Structures are given as C-alpha cells and as structure tokens.
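Undergrad: predicted model, plus sequence, below.
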Amino acid sequence: MYAGNWLVGCKEDAAGDVTIADGTVGIANYAFYNCKFIGGVTLPDSVRSIGRGAFYNCRKLASATLPAGLTVLEDYTFYHCDALTLPTLPATLTGIGRSAFYKCALGEQSNDTAQDTLVIPDSVTYIGAFAFYGSGYSYADPDKVDTYIAGGIDILVIGSGVQTVGEQAFANFPSLRRVTLGAEVRSLGDKAFYKCTMLETVDFGNSRLESIGGRAFYKCAALTEITLPETLRTVGDYVFYKCPSLTRLSLGGAERIGDYAVNIQEKAVELYEKEASFSDIAKNELQLLDSALEQILTRTNDAFENDDIALARQVEPLEEVIDILVEKLRDGHIKRLKDGICSIDTGVVFLDVLNNVERISDHCSNVAARLVGTSEGDDYDSHTLKSLMHHNPSKEYSLMYEECCKEYLSPLLAMEKEA
C-alpha cells in the first residue's frame, strides 16, 4: 500500500520475497508490522527513510538489502526478526536506534564453523539501547545429544565514529567472543555486554572511553583479562561482577594512582632544579604523611590482589584520617607562608604534593569500597557503603579509625606543640 511515493503498509498474510519498487522514498512506521511470512526484502537506493518498527516482528524475514544512502536505522526497525541474517550496513549510516536488531539471528542458522564479523561503520555516532540485544541463534551439537551451541556473530568491531553505546546494546549476545572499540567511544551504557557468556577479549585500543555503566560486563564468564584506557574516569557498580575467569584487570588511567605519583616525582625534580628545600617542620610532616600513604597503598593493593574483603574494610578509616591529616598540613603550611617561614616556591610545591596525596588516597578508597560493596550483594553500591561508614560507623570501623588517629594525628599534634 502506498501514499504517494511512500510505502505505508502491507497485508499481514504477505509471503515470500518482497522487492520494493524503485522510486519509493520512504517506508512508513510499522509498514510491515507482524508480516510473519515475508522471507526477504530488497530496498532500492531511492529509499531515504525507514520508519520506526518498519519490519517489527517479521519472524521469518531472513534477508534485507538496505539502500546505499540510508542515514538512520530507527528504533525497532527489525525488532524480533528472528531469522534475519546480517545486512550490509551502508557507509552513510549515522545512527542505530533502540532495539533496531533486537533478537535477530544475524547469521545463517546452521552449524557455525566460520567466524562472522559485525562491523559498525565509521559513520555511525551512536548505538541505541538494546540495539543488538539477544542476537544470535543456537544449533544442535553434532557430537552431543540434546546439546545446543550458540551461533551467530563472533567478532564485533565498533567503528571509529561511535561515541555512545547504549544500555544493554549487546547484552545476552551468546556467540560474541571478541570486541574492538573505536577511538571515539566515550561511554558504554549499563549492562552494555551483560551476560555475553562467551566473550573472551575486549580491546579498548586507542578509545577515549570516559565511563562504563554498571554491570557492563556482568557474567561475562570467559573474560580473562582487561586493560582499561587511560581516559577512563567513571566505572559503575558490578562492572565485572561474576567474571570468574578474569585474572588480570589493569585500571589504566581511571584517575589512576600512577599519574599522581608521577606528579609528586615531578615536584621533587622541580625543587632539586631550583636548589630549594622544605623547612624541617615541613619535612617531618611529609614523612608522617608518606607513612600513611604507604600504608593505604599497601592495604588497597593487597586487598585487590587477594580479594581480601576484611583488609579492604581497613582502607576507608585510614582514608578518612589521611583527609584530616592533609587538611591540617595544608592549614599549617599556609600559616607558615603568611609568617614568612617558608618561601613561595617551596610552599606551592608542598600544597601540590598534598593535593596529589589526597587524590591517591581517594582512589584507594574507591577501589576498596567497590570490593566491599561487591561482596555485600547486588543492591549494595559503593557510594552508599562509604556514606554509611562515615555517618553510621560500625564499632569495628570506629576502632580502626581511632587506631589510625593515634598512629598519624597524635604525632602531628605532638609536632605542633614542639613547634
């Protein structure tokens, strides 16, 4: 059925292959809704627009030829087209909408012996929520009775233009084994690769990824190691929860401790080159702070490497004391600057060192809290946990906090009295 040069509808009992007439410029929203007997569709290059849900629930649609100039695959375009093999995505495509290929086979439903690759064109800037959710199929294992194997796309390459990957965009994608992210990807939505049980490798390459949503790789049981990019700033809760094969996780540059350590080293070089030095009071204070910093780094590292939740619980009270210690040292040093006891050059360096130590301590706190939060269960996020620790501390927390105060704040008070 046509309205002008737009195809606006099709009878539900239509069957076989359909070739859209040349000169057609658009396919209306839900034009082929629930046409369960269509086997294939060829769209001429004259088509510039395919509407929302155009082929919604066409369960037997096995092939689709997309027009060369198509710019957007709207929401639900091929929703639940269970038999659909992967169409060639045109190089003009800029967006893939919500649930566009929801539960599509994206492969020949037979014994899956070859690797199949899904390449998202470089022209695409966004991949919507649930875009490829539940894609794939299963086939009988020839060697085992009543056993089925996941088939479909093995390799996913996300093009260099993609900036956002929506919530659950590739979740429950059982055949997926390898993922490569493009350079411009900024965010992975919640559960982006949730329960991709066969996923073994995620290559972040040169991506500028800034955030990973909660449970993004939850139950990716085959993942063995991950190296996160240096641009990463936010990591949601339970991102790698229930990934039993994951033995190596490099935090890359997620506000990484190494960056702050380098900053401190550069400040030391700066003092050396200027032939300047701290006052005796400042040196004693920094030695005390260094001792606290070494302890929180050791606790965090050991807790992380050994999955030691009891040790992870000891990080937050020490971090709280370090915050107080840094604030006291900052106030004292500003006073010395005003009194002329310390020079401007050394004073600025001292304050920069304090800032970097504070950030290292904060990062240790985040790592430890995430470990503890994960152990508490699915609804216990690290932010809530830290808030509870500070505002409603347990007896255990209070005792650890008091011990840290005696070890680091009491010596500082003694120094102040001697001065």
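TA: Great, that's in hand.

Undergrad: flag the shaky bits of the stretch 101-250 of the chain, pLDDT-wise.
TA: Scanning the stretch 101-250 of the chain for pLDDT under 70 picks out 108-115, 230.

Undergrad: mind listing the strands for it?
TA: 117-120, 126-127, 137-140, 148-151, 155-158, 164-165, 178-180, 187-188, 201-203, 211-212, 225-227, 234-235, 248-250 (DSSP state E, counting those that start in this stretch).

Undergrad: what strands flank the second one, and is each parallel or antiparallel?
TA: Just to be clear, that refers to strand 126-127. Next to strand 126-127 in the sheet, as set by DSSP bridges, lie strand 95-96 (parallel), strand 164-165 (parallel).

Undergrad: same thing with the first one?
TA: Looking at strand 117-120 with DSSP bridges, its partner strands are strand 155-158 (parallel).

Undergrad: mind listing what's buried along the partner strand?
TA: Buried residues in strand 155-158, counted by 16 or more other Cβ atoms under 10 Å: Ile155, Leu156, Val157, Ile158. Glycine gets a C-beta too; all of them are placed from N, C-alpha and C.

Undergrad: can I get it as PDB, trimmed to CA atoms?
TA: Coordinates of each C-alpha in strand 155-158 appear next as PDB, following Å, rounded to 0.1, in the frame of the first residue of the first chain:
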ATOM      1  CA  ILE A 155      33.600 -10.600  16.300                       C
ATOM      2  CA  LEU A 156      32.300  -7.100  16.900                       C
ATOM      3  CA  VAL A 157      34.200  -4.100  15.600                       C
ATOM      4  CA  ILE A 158      32.800  -0.700  16.700                       C
END
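
Undergrad: pull the distance from it to the chain's centre.
TA: Distance, stretch centre to chain centre, for strand 155-158: 16 Å (Cα atoms, centre = their mean, to the nearest Å).

Undergrad: please apply the same query to stretch 299-313.
TA: 23 Å.

Undergrad: for the residue nearest the centre of the chain, what are its contacts?
TA: Residue closest to the average C-alpha location in the chain (Cα atoms, centre = their mean): Ile212, at 1.9 Å. Counting by Cβ atoms under 8 Å, 6 or more residues apart in numbering, Ile212 makes contact with Ser187, Leu188, Ala192, Leu228, Leu232, Thr234, Val235, Gly236, Val239.

Undergrad: and if we set it to 7 Å?
TA: By Cβ atoms under 7 Å, 6 or more residues apart in numbering, Ile212 lies in contact with Leu188, Leu232, Val235, Gly236, Val239.

Undergrad: on that earlier part again, please produce CSV containing the strands of the stretch 101-250 of the chain, extended by distance to Gly95.
TA: Converted to CSV, the strands of the stretch 101-250 of the chain look like this (distance: least, Cβ to Cβ, whole Å):
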stretch, distance to Gly95
strand 117-120, 11
strand 126-127, 5
strand 137-140, 26
strand 148-151, 28
strand 155-158, 13
strand 164-165, 10
strand 178-180, 20
strand 187-188, 15
strand 201-203, 23
strand 211-212, 20
strand 225-227, 28
strand 234-235, 24
strand 248-250, 32
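
Undergrad: just those strands: most buried one?
TA: strand 164-165 (a mean of 24; mean count of other Cβ atoms under 10 Å).

Undergrad: and the contacts of it?
TA: Contacts for strand 164-165 (Cβ under 7 Å, 6+ apart): Tyr126, Ile127, Val185, Arg186, Ser187, Leu188, Gly189, Ala192.

Undergrad: 6 Å instead, please
TA: Identification of contacts with strand 164-165 by Cβ atoms under 6 Å, 6 or more residues apart in numbering yields Tyr126, Ile127, Ser187, Leu188, Gly189, Ala192.

Undergrad: again, but for stretch 141-151
TA: Here stretch 141-151 makes contact (Cβ under 6 Å, 6+ apart) with Gly107, Asp112, Gly136, Tyr137, Ser138, Tyr139, Ala140, Pro174, Ser175.

Undergrad: closest to Ser279 out of these?
TA: Nearest to Ser279, judged by Cβ to Cβ, of those is Pro174 at 64.1 Å.

Undergrad: OK, contacts around the closest one?
TA: Going by Cβ under 6 Å, 6+ apart, Pro174 touches Gly136, Ala150, Thr197.

Undergrad: including distance to Ala414, could these go into JSON lines?
TA: Shown next, in JSON lines, are the contacts of Pro174 (distance: Cβ to Cβ, whole Å):
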{"residue": "Gly136", "distance to Ala414": "66"}
{"residue": "Ala150", "distance to Ala414": "65"}
{"residue": "Thr197", "distance to Ala414": "58"}
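
Undergrad: correct me, but Val321 touches Cys404?
TA: Yes - using Cβ atoms under 6 Å, Val321 makes contact with Cys404 at a distance of 4.1 Å.

Undergrad: and Glu275, that one's in a helix?
TA: No - looking at Glu275 with DSSP: H, G, I helix; E, B strand; the rest coil, it is coil, so not inside a helix.

Undergrad: going forward, the N-terminal residue is numbered 23.
TA: With 23 as the first residue, the last one maps to Glu297.

Undergrad: now it, what are its backbone angles?
TA: phi 50, psi 40 (degrees, to the nearest 10).

Undergrad: show me what contacts Pro112?
TA: Under the criterion of Cβ under 6 Å, 6+ apart, the contact list for Pro112 reads Leu88, Ala90, Leu92.

Undergrad: quick one: secondary structure of it?
TA: Three-state call for Pro112 (three-state DSSP): coil.

Undergrad: can you get me a residue count around Cys105?
TA: Actually, residue 105 is Ala rather than Cys. Residue crowding around Ala105 was assessed by other Cβ atoms under 10 Å; the count is 17.
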